[in-house]
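>>> after the sequence you'll find the predicted model.
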Amino acid sequence: MSAFFEPRLSLDSPSALASKWHLWRNKRNHSARVQGYLDEGKRVTELLDHYRALSESDFIAQQHCFEGLARRGRLVSQREDLHKALACIVVLSERHLGMVPYPIQLSCALAMIDGYLVQLAPGEGKTLTIGVVSVIFGWSQKPCHVITANDYLAERDREKLQPLYEATNVIASFVEQELDPDEKAKRYQAHIVYATAKQLLADYLNDVIKLGGLASRTRMALTNWQAGGHSLQMRGLYYVIIDEADSILIDDATTPLIISAQEENGLLHEAVLIAKEFVDTLDADQDYKLQQDDWDVQFTPLGHQKITEGTQQFPLLWHHRGRLEDLISQAILARDRFKLDEHFVIVGDEVILVDESTGRMMHGRSWSYGLHQAVEARVDVPLTPPSKTLEKMSFQNFFQSYHHLTGASGTLQNVQQELFHTYRVHTLEMPTRLPLKLKISDFQCHLSKEDKNQALVQLIHRIQESGLPILLGTRRIRDTEQLEVILEQAGFEFNVLNAKRLAQEADIVATAGEMRRITLSTNMAGRGTDIPVEKEVLALGGLQVIMYEPHDSSRIDWQLFGRAGRQGNPGHALPLLSLEDPLFQNLKWRQRPLFWLAKQLFHYSIGKTLIKSLVTSAQKNAQAKAFKQRKYIAKTVRSSQERMSFIRNKTQLKS
């Protein structure tokens, strides 16, 4: 398995018109295509008895035949043989895992083999489906990377499916940051590699640094010759299967992963500390403008005058007007925008970023261009040395480099256009195996946050009387800490799960489905979290999920709701909102009069109907703005790379 697979040279993104035409065509044929895959899944199931009845020697001979077809690149293109190969894998899964994939899982596997992103409801068995697809890809001898949300899930899924992988003669490994370079390189030689997106991209960039540019067979050969042996970690890029695909391909798309080395810069530290004191003399609105939904600081004429007068306070390097305004803008953002326990937490004397979509700490990540030091200065922790960038790439550009991209998620709705525009992949929404018993209530609307908190306490009291467990989900660490005080004052016993209490995650999740249990959590209890629910709880109505406020993306709302009602079990989702929730800041100016009208009509049914409509509008606005920002960033990065043609060949950069 020493062959090296070069990254794909991606095409430019299609025009908006072309994207819409492809999406219209895909939507038009969607039902027929889904039905086709459902029929194929049933045909695979019909083959199972034949393979169960084979003698051991005949079964092994058939398996080796399928492995040979895959190595020669003929298995996927020959549909009948592919059906038989899947039936063979199902029988091996039954023997070694005690699990038989359902027809719907086999239908999803076939769609993923064809390169679709599949929307599969939470609890429908994505892990086993991905395992079946991984075997088909692994047989080809080309590298197959399986990406999960975190290291815990990557190691768990690999261990769970290990008996199947051994039975199908493929080697699967798990890669994490703590491994030494030799062990990591050894694990990357496996057919199937489980890891996080961050880990894969970091290791890929380290290989790019060794090669002095984008990976290629020629560069690799030269590097090996100079090093006297195999010095790269990865085998290249070919197949990638992404669990929770929308989170990684959309939410984290333009997040750059930077390989850097720290270098001391005493002048920057001095300038940052002066800027912190200087900003405290400025007045918002009078000296600068900072829109509620924007991160761009605009200085007024008075602000420009104050900056000019204060220039001599700063080191000489910042006497250039543009550089000084950038420094002061960062100090303003550090004070007015970046919030403790929302955008970052402090552990010891270290500022650690928090991922809003997951609620988890992002160790090892930092803001660039002095912004991280500006935040450190604002919260009075020791300033860290700034980083010198050695290599960087966004997750979007990285995943465009794979030859075959597929994956699954429970929440691909509303992002089909962006997925096609960015990655040239279509989505399929597959039906659930069992009827959905999850009940989702309408939003409980309140005028103020205080009213909402009072109603929340009453709601928890009412649910507690029935004995059902409650998962209360919030957007921010700060909210969990505020609600912690409120619930304690109300006399409730509960567990708290957020980025500051990561060590207790497994124990808290394991007991969150027990009778009378209350769990207060950020989005850490969203994606990938499987809460076991007691039979007694299911008999009474299942897990009760309370959403404290709507998110900017409805997909994250649905990820939280999906913790209940899994695999056809009962459950209940109860979303709350107040008119003071930050979501409504996403409303456009022409929608503001409707928001004012909704407040006036709040106590009438038409007012609440209008509020729910505005929630949908605000979420669509937020998602459209995020999409626009991601397109702009991607375009800017590509243009910057093409201008710097001395770094690498222009044709290689069209990715």
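Thanks, I have it. Numbers count the residues shown, from 1 in each chain.
>>> alpha carbons only for contacts and neighbour counts from here, please
OK.
>>> quick one: the helices in the stretch 551-655 of the chain, in order.
Taking DSSP state H, counting those that start in this stretch, the helices of the stretch 551-655 of the chain run over residues 554-561, 592-600, 605-643, 650-653.
>>> just name the most buried of the ones you listed.
Highest mean neighbour count among the helices of the stretch 551-655 of the chain (mean count of other Cα atoms under 10 Å): helix 554-561, with a mean of 21.
>>> export it as CSV, just CAs?
The C-alpha coordinates for helix 554-561 follow below in CSV (Å, rounded to 0.1, in the frame of the first residue of the first chain):
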residue,chain,number,x,y,z
SER,A,554,-32.3,25.6,11.8
ARG,A,555,-30.0,22.6,11.2
ILE,A,556,-28.5,23.1,14.6
ASP,A,557,-32.0,23.3,16.1
TRP,A,558,-32.8,19.9,14.5
GLN,A,559,-29.6,18.4,15.7
LEU,A,560,-30.7,19.2,19.3
PHE,A,561,-34.2,17.9,18.7
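>>> what number of residues lie near Arg517?
Per other Cα atoms under 10 Å, the neighbour tally for Arg517 reads 20.
>>> for Leu574, see how far away the residue lying closest to it once chain neighbours are set aside is.
Excluding the flanking residues, the one nearest Arg517 by Cα to Cα, 6 or more residues apart in numbering is Pro469, at 4.6 Å. From Pro469 across to Leu574, the span is 13 Å (Cα to Cα, to the nearest Å).
>>> mutual contacts of these two, please.
Gln544 (Cα atoms under 8 Å, 6 or more residues apart in numbering).
>>> pick out whichever of the two has more residues nearby.
The residue with more neighbours, out of Pro469 and Leu574, is Pro469; 26 against 18, by other Cα under 10 Å.
>>> grab the nearest non-local neighbour of Ile611.
Closest to Ile611 by Cα to Cα, 6+ apart is Ala598, at 6.1 Å.
>>> residues contacting Glu67?
Neighbouring residues of Glu67 by Cα under 8 Å, 6+ apart: Trp139, Ser140.
>>> helix, strand or coil for the residue nearest to the spatial centre of the chain?
In the chain, the centroid-proximal residue (Cα atoms, centre = their mean) is Ser247; its distance is 2.7 Å. Three-state assignment for Ser247 (DSSP: H, G, I helix; E, B strand; the rest coil): helix.
>>> residues near Asp285, how many?
Around Asp285 there are 13 other residues, counting by other Cα under 10 Å.
>>> repeat for the one 3 residues further on
Here the number of neighbours of Tyr288 (other Cα under 10 Å) works out to 19.
>>> quick check: closest non-adjacent residue to it.
Using Cα to Cα, 6+ apart and skipping the chain neighbours, the partner closest in space to Tyr288 is Phe299 (4.1 Å).
>>> alpha carbons of whatever helix or strand Ile328 lives in, as PDB, please.
For Ile328, the host element (DSSP states H and E) is helix 321-336. Extracted in PDB, the C-alpha atoms of helix 321-336 (Å, rounded to 0.1, in the frame of the first residue of the first chain):
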ATOM      1  CA  ARG A 321      -2.200  55.000   9.500                       C
ATOM      2  CA  GLY A 322      -3.600  51.800   8.100                       C
ATOM      3  CA  ARG A 323      -1.600  49.500  10.300                       C
ATOM      4  CA  LEU A 324      -2.500  51.500  13.400                       C
ATOM      5  CA  GLU A 325      -6.200  51.500  12.600                       C
ATOM      6  CA  ASP A 326      -6.100  47.700  12.100                       C
ATOM      7  CA  LEU A 327      -4.500  47.400  15.600                       C
ATOM      8  CA  ILE A 328      -7.100  49.600  17.200                       C
ATOM      9  CA  SER A 329      -9.900  47.800  15.400                       C
ATOM     10  CA  GLN A 330      -8.800  44.500  16.800                       C
ATOM     11  CA  ALA A 331      -8.700  46.100  20.300                       C
ATOM     12  CA  ILE A 332     -12.300  47.300  19.800                       C
ATOM     13  CA  LEU A 333     -13.500  43.900  18.700                       C
ATOM     14  CA  ALA A 334     -11.700  42.300  21.700                       C
ATOM     15  CA  ARG A 335     -13.700  44.600  24.000                       C
ATOM     16  CA  ASP A 336     -17.100  44.900  22.200                       C
END
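>>> now the helix or strand just after that helix: buried residues?
Downstream of helix 321-336, the first helix or strand assigned by DSSP H and E is strand 344-347. By neighbour count, with 16 or more other Cα atoms under 10 Å as the criterion, the buried positions of strand 344-347 are Phe344, Val345.
>>> I'd like the numbering to begin with 105 instead of 1 from here.
Right, with 105 as the first residue, what we last looked at is strand 448-451.
>>> could you check the distance from Gln500 over to Ser364?
Separation of Gln500 from Ser364 (Cα to Cα) stands at 19 Å.
>>> which residues does the residue nearest to Tyr392 contact?
By Cα under 8 Å, 6+ apart, the contact list for Phe403 reads Asp391, Tyr392, Lys393.
>>> so who does the first one touch?
Residues counted as contacts of Asp391 (Cα under 8 Å, 6+ apart) are Phe403, Thr404, Pro405, Leu406, Gly407, His408.
>>> next, give phi and psi for it.
Phi and psi for Asp391, reported as degrees, to the nearest 10, are phi -100, psi -20.
>>> helix/strand/coil for the residue nearest to it when sequence neighbours are not counted?
If the residues on either side of it in the chain are set aside, Asp391 comes closest to Gly407, at 4.0 Å by Cα to Cα, 6+ apart. What three-state DSSP gives for Gly407 is helix.
>>> run a quick neighbour tally on Gly407.
Gly407 has 20 neighbouring residues, counting by other Cα under 10 Å.
>>> of Gln500 and Ser364, who's got more company?
Shown here are Gln500 and Ser364; by other Cα under 10 Å, Gln500 has more neighbours (21 against 13).
>>> any idea how far Leu361 is from that one?
To Leu361, Gln500 is 11 Å away according to Cα to Cα.
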